[in-house]
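Chemist: Quick one, fold the following:
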Amino acid sequence: MTGEQPPAPLRMPDQLFADLAAGGGSAEAVAFLERGERARRLLLLRTLLDRLEALPTPLSPTAEAWRALREAAERAPEPVDRLLLAPATGGWMAHALRRLHGTASGPPLWAEAGHLCALALSASLSAGTETELRVALTDGRLFLPGLGQARLVCAEPGLTVGRARTHRGALTLSGPADGGGVTSLTVRPATSPVGGPAGGRASEAEAEASNSGASWLPLRTLTHHSPAGPVAIPLDDLDPYRDLDDPLPPARLDDEEAEAWQALFEEAGALLVAPGGTGPGRLDPAAVRAVVPCGRTGVLPPAPPNVRVSASSGDAYGAMVIARPAAAQALAETLVHEFQHSKLAALLHLFPLLDDDRAERYYAPWRADPRHLTGLLHGAYAFTGVAGFWRDRLALARDDRAAEEAGYHFALRRLQSRLVVRTLLATGRLTAEGRALVSGLAATLDNWLHEPVPAAPLSRARTAAALHRTEWRLRNVEPPDTSAPAEPSALRFRADRVFWPDLRTHAFATRPSAPRTADEHLAAGDPAAALARYTDALADDPAEPHALAGWIVARAALVDGRATRRMLARPELPGPRAGA
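Modeler: Residues are numbered from 1 along each chain as shown. This is a model prediction of the structure:
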């Protein structure tokens, strides 16, 4: 961060690219991606500093904050580097640049730019240097990236200007008090493991001298016990730039919910560190840079075992926003899924992989809506990792039930991912590096398609894949004007299409023991009973997409022939229907 010589060009060795292209990634490959992210952050920071230099501000000038940051980096380069590479730091940089380009909103720009002062203070505290800066306070709160939140409880509400001083690892913060005067706090900021003692300690003398009710709220961390020792991973419910878009206020989890996260993360980590190498679906939990909880799960009724919400951003490498599931296996799968997105985003920062016109016209088997090519590539990469995760679960299954579940998900995701890889290769829009990447995924998936899966879950997976594709086309695609085969780019989409829930992907994971509905009969391997019930359901509305998709797939299981294959391939075309 402090070197005067320009960095050497990043040249990824062919073997590391091949590791990543296969869908996995060795520790060396992941470390190379992090080097690339570091170089990118420095470039973004330099651009941001240039743009903010002339911005009017009541806070310390950009040059002062940058000087404090550099001094800290010279004293303690490793912790300052970690701060630079923290996911929320990337989120702030990207958001601030969008603000400068007028494509994002938020509090006054000088306040958002002032986050650089908070970064400099955190760096100074980590390095043990001294600095004094004017900072932005929100209701008396100052978030210190990577550490936690200082709060002057009796502070003047709203956005105000405070003063922060660091000295030998201690922070003294002062700001305008509500009703006049000044309120202050002295604290030694530190993070806190979930369930451990609170990090940071307010000065007793300061607490006695002031009636401000000042406080320190530490950033809590999840503990992963690696062979090299415990690793602390932020459970970030405080950083204003922890989300994927605009800044957020803190949303502190209660202790019970934080402890539930720790227990679940520990179980998920134990699943992920099972022996087996570095192929697709393998993840060292220590590579996760932050978990951002989405809401609180400790409510009635209990949360479903699968994850309902998860997301990540290319600006925040290694972070993932997750709604806590009830089962460790679901969390482990989600960590794999979202880290795949992070790896691909880092590759996209290093290589132009495709020429994307951003037109949303492609089928993605895990979405309700048409996708653009970048989204399609992200899905293929993420779900190849998910397929690998379930492949490992199948290999380690200790009973028939576990083998059924893992076999279903492995069979489904390898089939769906291979379909999307074929679409990507057929577009003609991949660069040389993009074609090498997608060809690597294709080779992995082709090998997996030859691996044995128990017959019952394999059949359900194929049925579920056919159901999703059929319903997607019924809900999204307008029948063409001619009978000529339609390429993806030629599809016309319905003007009245809306989001629709995928009710079948997870429902088909287990075989119903006492089927009652049409879907349950189809999942149980009885297409005749399912067809009869779908026919009844379509009596009042022959075009209802969910039931019609089921009818088409059930009929295809019973009646072979050209007309059946045509209906499966292009269900939106006029043709024979139940009740017609």
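
Chemist: Correct me if wrong: Val386 contacts His337.
Modeler: Yes: with contact defined as Cβ atoms under 8 Å, Val386 counts as touching His337 (5.3 Å). All C-beta atoms are positioned from the backbone trio N, CA, C, and that covers glycine.

Chemist: Check the closest residue to Leu437 other than its chain neighbours and give its pLDDT.
Modeler: Excluding the flanking residues, the one nearest Leu437 by Cβ to Cβ, 6 or more residues apart in numbering is Ala21, at 4.6 Å. If you check Ala21, the pLDDT there is 97.

Chemist: Looks like Ala21 contacts Gly440 (just checking).
Modeler: Yes: counting by Cβ under 8 Å, Ala21 does reach Gly440; the two are 2.9 Å apart.

Chemist: Just want to know which of the two has more residues nearby.
Modeler: Ala21 (25 against 20; other Cβ atoms under 10 Å).

Chemist: which residues does the more buried one contact?
Modeler: By Cβ atoms under 8 Å, 6 or more residues apart in numbering, Ala21 lies in contact with 436-437, 439-441.

Chemist: got any ranges where the chain has weak pLDDT?
Modeler: Where the chain drops to pLDDT under 70, the residues are 1-8, 198-214, 275-277, 296-307, 482-489, 576-580.

Chemist: So which of the contacts of Ala21 belong to strands?
Modeler: For the contacts of Ala21, not one is inside strands, with DSSP state E as the criterion.

Chemist: of those, closest to Arg40?
Modeler: Using Cβ to Cβ, Leu437 is the member of the contacts of Ala21 that sits closest to Arg40, with 18.7 Å.

Chemist: can you count the residues close to that closest one?
Modeler: By other Cβ under 10 Å, neighbour count at Leu437 equals 28.

Chemist: Isn't it up against Leu348?
Modeler: No: using Cβ under 8 Å, Leu437 is not in contact with Leu348, being 9.9 Å away.

Chemist: can I assume Leu137 sits in a helix?
Modeler: No: applying DSSP: H, G, I helix; E, B strand; the rest coil, one finds Leu137 to be strand, outside a helix.

Chemist: Run through the bridge partners of it.
Modeler: Here Leu137 sits in beta bridges with Thr160, as judged by DSSP bridges.

Chemist: Report how many residues lie close to it.
Modeler: Look at Leu137: counted by other Cβ under 10 Å, it has 26 neighbours.

Chemist: which SS class is the closest residue in space to His115 that isn't next to it in sequence?
Modeler: Distance criterion Cβ to Cβ, 6+ apart; nearest residue to His115, sequence neighbours excluded, is Trp92 at 5.3 Å. Following three-state DSSP, the label given to Trp92 is helix.

Chemist: Now do the contacts for Trp92.
Modeler: Counting by Cβ under 8 Å, 6+ apart, Trp92 touches 112, 115, 240-241.

Chemist: For those, give me CSV that also has distance to Arg570, secondary structure and neighbour count.
Modeler: What follows is those, written out as CSV (distance: Cβ to Cβ, whole Å; DSSP: H, G, I helix; E, B strand; the rest coil; neighbours: other Cβ atoms under 10 Å):
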residue, distance to Arg570, secondary structure, neighbour count
Glu112, 50, helix, 21
His115, 52, helix, 25
Pro240, 49, coil, 24
Tyr241, 46, coil, 28
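
Chemist: Reformat the contacts of Ala21 as a markdown table; add distance to Glu471.
Modeler: Shown next, in a markdown table, are the contacts of Ala21 (distance: Cβ to Cβ, whole Å):
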| residue | distance to Glu471 |
| --- | --- |
| Ala436 | 34 |
| Leu437 | 30 |
| Ser439 | 30 |
| Gly440 | 31 |
| Leu441 | 26 |
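
Chemist: Among those residues, which are located in helices?
Modeler: Under the assignment DSSP state H, those contribute 436-437, 439-441 to helices.

Chemist: from these, which is closest to His409?
Modeler: Distance ranking of the ones in helices among the contacts of Ala21 against His409, using Cβ to Cβ, places Leu441 first at 17.7 Å.

Chemist: Arg414 is in contact with that closest one, correct?
Modeler: No: counting by Cβ under 8 Å, Leu441 does not reach Arg414; the two are 10.7 Å apart.

Chemist: shared neighbours, the two?
Modeler: Thr384.

Chemist: quick one: secondary structure of Thr374?
Modeler: helix.

Chemist: For the host helix or strand of Thr334, list the C-alpha coordinates in PDB.
Modeler: Assessed by DSSP states H and E, Thr334 sits inside helix 328-350. The C-alpha coordinates for helix 328-350 follow below in PDB (Å, rounded to 0.1, in the frame of the first residue of the first chain):
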ATOM      1  CA  ALA A 328     -26.200 -26.400   9.100                       C
ATOM      2  CA  GLN A 329     -26.100 -28.300   5.800                       C
ATOM      3  CA  ALA A 330     -28.200 -25.500   4.200                       C
ATOM      4  CA  LEU A 331     -25.800 -22.900   5.500                       C
ATOM      5  CA  ALA A 332     -22.800 -24.800   4.300                       C
ATOM      6  CA  GLU A 333     -24.300 -25.100   0.800                       C
ATOM      7  CA  THR A 334     -25.000 -21.300   0.800                       C
ATOM      8  CA  LEU A 335     -21.500 -20.400   1.800                       C
ATOM      9  CA  VAL A 336     -20.200 -22.500  -1.100                       C
ATOM     10  CA  HIS A 337     -22.700 -20.900  -3.500                       C
ATOM     11  CA  GLU A 338     -21.900 -17.300  -2.500                       C
ATOM     12  CA  PHE A 339     -18.200 -17.800  -2.400                       C
ATOM     13  CA  GLN A 340     -18.400 -19.100  -6.000                       C
ATOM     14  CA  HIS A 341     -20.000 -15.800  -6.900                       C
ATOM     15  CA  SER A 342     -17.100 -14.000  -5.200                       C
ATOM     16  CA  LYS A 343     -14.500 -16.000  -7.100                       C
ATOM     17  CA  LEU A 344     -16.100 -15.400 -10.400                       C
ATOM     18  CA  ALA A 345     -16.500 -11.700  -9.700                       C
ATOM     19  CA  ALA A 346     -12.800 -11.500  -8.900                       C
ATOM     20  CA  LEU A 347     -12.000 -13.300 -12.200                       C
ATOM     21  CA  LEU A 348     -14.200 -10.800 -14.100                       C
ATOM     22  CA  HIS A 349     -12.100  -8.000 -12.500                       C
ATOM     23  CA  LEU A 350      -9.000  -9.600 -14.000                       C
END
